[in-house]
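**Student:** Give the three-dimensional model of this entry:
(2 chains)
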Amino acid sequence: ILNVEQSPQSLHVQEGDSTNFTCSFPSSNFYALHWYRWETAKSPEALFVMTLNGDEKKKGRISATLNTKEGYSYLYIKGSQPEDSATYLCAFNAGGTSYGKLTFGQGTILTVHP
Amino acid sequence: EAEVAQSPRYKITEKSQAVAFWCDPISGHATLYWYRQILGQGPELLVQFQDESVVDDSQLPKDRFSAERLKGVDSTLKIQPAELGDSAMYLCASSLELGTDTQYFGPGTRLTVL
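**Tutor:** Got it, this is the predicted structure:
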């Protein structure tokens, strides 16, 4: 059973604060790491797919880094806005016989207060 | 923008009843996934289709759950009989192909079993 852990479980920040969360995953049999944002009553939205050690990806005020050797990824949000409030999920793809199968962490719930 | 459609959005049923969920993936997407998300946990893969064939159903409780994708397009997930522990969000996702492709999610069906 693959273990994908996210921390913290929940986070409250003020508008304008920058924040970051962590996703830990197995460092062996790595194929890809996905980040999703899931707002209440909406579909989970894909943010990034990361495949290479040292990868850095950016989308607006959100960025992510990847370290496959030590098994972690960070998601950063710069200047948080209330509309950033959502659950942020990471998902690990081990490849091999699990090709395409995503194992999700439990998510980090972010609340941005005006 | 193309989206994954799911219905119903909400379903309340009594235990021992049968329920069915429907998913229509993004046109042209060969791979379809059904996930279950229990409150406080990350989504867990139940079944994965490549066209009309099941690729992975190792986590599907086959004594009560069934899934089909007869023509390789839309899909139905059925539970019979429903149990209290089946209360969860059922998410459908699709991707162009297996592998590192981004999985695009529908809004989910929230099932409550009384």
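**Student:** Can you name the residues bridging to residue A:76?
**Tutor:** Judged by DSSP bridges, the bridge partners of residue A:76 are residue A:20, residue A:63.
**Student:** Contacts only, for it.
**Tutor:** Shown in contact with residue A:76 (CB atoms under 8 Å, 6 or more residues apart in numbering or on different chains): A:18-20, A:62-65. To be clear about C-beta, it is placed using only N, CA and C from the backbone, and glycine gets the same treatment.
**Student:** mind listing the strands for the chain?
**Tutor:** Since no chain was named, I'll use chain A. A:5-7, A:10-14, A:19-24, A:32-38, A:45-50, A:56-59, A:62-67, A:72-77, A:86-93, A:102-104, A:108-113 (DSSP state E).
**Student:** look at chain B instead
**Tutor:** Using DSSP E, the strands of chain B run over B:5-7, B:10-13, B:19-24, B:31-37, B:44-50, B:53-56, B:65-68, B:75-79, B:88-95, B:104-105, B:109-113.
**Student:** Using PDB, write out every CA atom in the longest one.
**Tutor:** So that's strand B:88-95. Taking Å, rounded to 0.1, in the frame of the first residue of the first chain, the C-alpha atoms of strand B:88-95 are listed here in PDB:
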ATOM      1  CA  ALA B  88     -19.200   9.100   0.300                       C
ATOM      2  CA  MET B  89     -18.500  11.300  -2.700                       C
ATOM      3  CA  TYR B  90     -18.200   9.200  -5.900                       C
ATOM      4  CA  LEU B  91     -16.000  11.000  -8.500                       C
ATOM      5  CA  CYS B  92     -15.500  10.100 -12.100                       C
ATOM      6  CA  ALA B  93     -12.400  11.200 -14.100                       C
ATOM      7  CA  SER B  94     -11.200  10.800 -17.600                       C
ATOM      8  CA  SER B  95      -7.900  11.100 -19.400                       C
END
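**Student:** Whether that strand contacts chain A - can you check?
**Tutor:** Yes - applying CB under 8 Å from any CB of the partner chain, one finds strand B:88-95 touching chain A at B:91, B:95.
**Student:** tell me the average confidence for that strand?
**Tutor:** Per-residue pLDDT values over strand B:88-95 give a mean of 96.
**Student:** Repeat that for the first one.
**Tutor:** The pLDDT scores in strand B:5-7 average 97.
**Student:** For the residue nearest in space to the middle of chain B, give me its contacts.
**Tutor:** The centroid of chain B falls nearest to residue B:34 when counting by CA atoms, centre = their mean (3.0 Å). Residues in contact with residue B:34 (CB under 8 Å, 6+ apart) are B:23, B:45-48, B:67, B:75, B:77, B:90-92.
**Student:** Quick check, residue A:96 in contact with residue A:28.
**Tutor:** No - counting by CB atoms under 8 Å, residue A:96 does not reach residue A:28; the two are 10.5 Å apart.
**Student:** Enumerate the positions of the worst-scoring helix or strand of chain B on mean pLDDT that are buried.
**Tutor:** One helix or strand of chain B scores below all others by mean pLDDT, DSSP states H and E: strand B:53-56, with a mean of 92. Neighbour-count burial for strand B:53-56, counted by 16 or more other CB atoms under 10 Å in any protein chain shown, picks out B:55-56.
**Student:** Do any residues in that strand lie close to chain A?
**Tutor:** Yes - using CB under 8 Å from any CB, strand B:53-56 comes into contact with chain A via B:55-56.
**Student:** what do you get for stretch B:69-85?
**Tutor:** No - Stretch B:69-85 stays clear of chain A (CB under 8 Å from any CB), getting no nearer than 15.1 Å.
**Student:** Having no further points to raise, I will conclude here.
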